[in-house]
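> Predicted model, plus sequence, below.
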Amino acid sequence: MEVQTLQPAYVLHTRRYGDSSLIADLLTREQGRLACVSKGALRARRPDSRLQSFQPLLVELRGRGEVLTLTCAETGSAPLRLEGRKLYCGLYLNELILRLTARQDPCPALFDDYARAIRGLSEDESAEPVLRRFEVRLLMHLGLGMALEKDNTGRPVIADWHYTYEIGSGAGQVTGRPAGSFSGKTLLALRAGEFEDDTTLQQARQLMRRIIDYHLDGRPLRSRDLFR
């Protein structure tokens with residue numbers, strides 16, 4: 001791969017490389033998730049030394065193979081300010097992308113959804129709906145989308161009914177409210193990305209955690225430890 005034009009990007013993670021350089025994992029709009037080396041990024045007065053998460057960037061990348069060379073990084077706008085719990089939420093989104101996406105697999109819609117989620121976290125919007133919307137969209141982009149409008153028999157999900165949810169088969173109607181079940185209202189809220197009450201949000205968080213954990217195949221998320 002040889003990329004030489006400026007393209008929108010966000011930094012997902014950086015780590016030191018040698019005495020003065022960084023390896024950065026980027027999410028780019030045109031090329032998907034990439035790893036690149038920023039040579040001399042830790043030297044004083046180098047523009048690349050300002051690489052940080054949640055900073056909209058325009059980057060130029062050169063080279064071939066798994067790790068490209070970052071030749072230019074320009075700030076697209078002011079960095080989005082995340083503090084406290086919302087910072088942890090942003091780091092959680094970054095880690096989800098790092099763990100679940102493949103390198104050099106372009107998905108402009110995922111980039112746009114990530115940018116929208118980060119903006120939402122930086123504003124006054126409640127963090128929980130932002131996270132749930134992004135999780136659902138991420139799984140959809142990965143081809144792992146959830147069946148939320150119909151149950152496993154093909155019938156529409158009813159808000160007042162309760163369901164189990166099994167990965168692979170979807171929602172199954174149950175009698176009463178057994179442990180581990182979810183209201184139809186919660187499934188429909190996840191589909192719409194709109195949550196009317198705390199109970200729905202709590203159920204949505206429990207369901208999405210179980211599904212995300214399944215797709216992580218037992219790999220822990222370090223960012224979750226920040227919420228404890």
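Thanks, I have it. Predicted, not measured: the structure shown is a model, and the values here were computed from it.
> The lowest-mean-pLDDT helix or strand in the chain pairs with which strands?
Least confident helix or strand, the chain: strand 67-75 with a mean of 90, by mean pLDDT, DSSP states H and E. Using DSSP bridges, strand 67-75 pairs in its sheet with strand 32-38 (parallel), strand 57-62 (antiparallel).
> Give me the contact list for the shortest one.
Around strand 57-62, the neighbours that count as contacts under CB atoms under 8 Å, 6 or more residues apart in numbering are 2-11, 26, 28, 31, 34, 36, 51, 68-76. Quick note: C-beta positions are derived from backbone N, CA and C, even for glycine.
> Drop anything exposed from these.
Those of these that meet the buried threshold are 3, 7-11, 26, 28, 31, 34, 36, 51, 68, 70-71, 73, by 16 or more other CB atoms under 10 Å.
> gap between residue 80 and residue 107?
21 Å (CB to CB, to the nearest Å).
> how much space between the residue positioned nearest the centre of the chain and residue 24?
Nearest to the mean C-alpha position of the chain, by CA atoms, centre = their mean, lies residue 93 at 3.7 Å. Applying CB to CB, the value for residue 93 to residue 24 is 16 Å.
> Then residue 109?
Counting by CB to CB, the gap from residue 109 to residue 24 is 23 Å.
> The two: which is more packed in?
Under the neighbour definition other CB atoms under 10 Å, residue 109 and residue 24 were set side by side, and residue 24 has more, 28 against 12.
> List the beta-bridge partners for that one.
residue 14, residue 36.
> Local confidence estimate at it?
With respect to pLDDT, residue 24 has a value of 94.
> Could you do residue 84 as well?
pLDDT, residue 84: 92.
> Now the phi/psi pair for it, please.
In terms of degrees, to the nearest 10, the main-chain angles of residue 84 are phi 60, psi -130.
> all helices of this structure, in order?
84-100, 108-122, 127-141, 184-192, 198-216 (DSSP state H).
> tally of neighbours for the nearest residue to residue 95 once chain neighbours are set aside?
Nearest non-adjacent residue to residue 95, counting by CB to CB, 6 or more residues apart in numbering: residue 223, 4.7 Å away. Neighbourhood size, residue 223 [other CB under 10 Å]: 17.
> for this structure, which spans come out with low pLDDT?
Counting by pLDDT under 70, the chain contains low-confidence ranges at 1-4, 44-50.
> Can you give me the domain assignment for it?
Domains of the chain are assigned by automatic domain parsing as 7-75, 84-227.
> Endpoints of the last one, how far apart?
Pointing back at domain 84-227 there. 10 Å (CA to CA, to the nearest Å).
> for the first one, same thing?
As for domain 7-75, its first-to-last residue distance stands at 11 Å under the measure CA to CA.
> All set, thanks.
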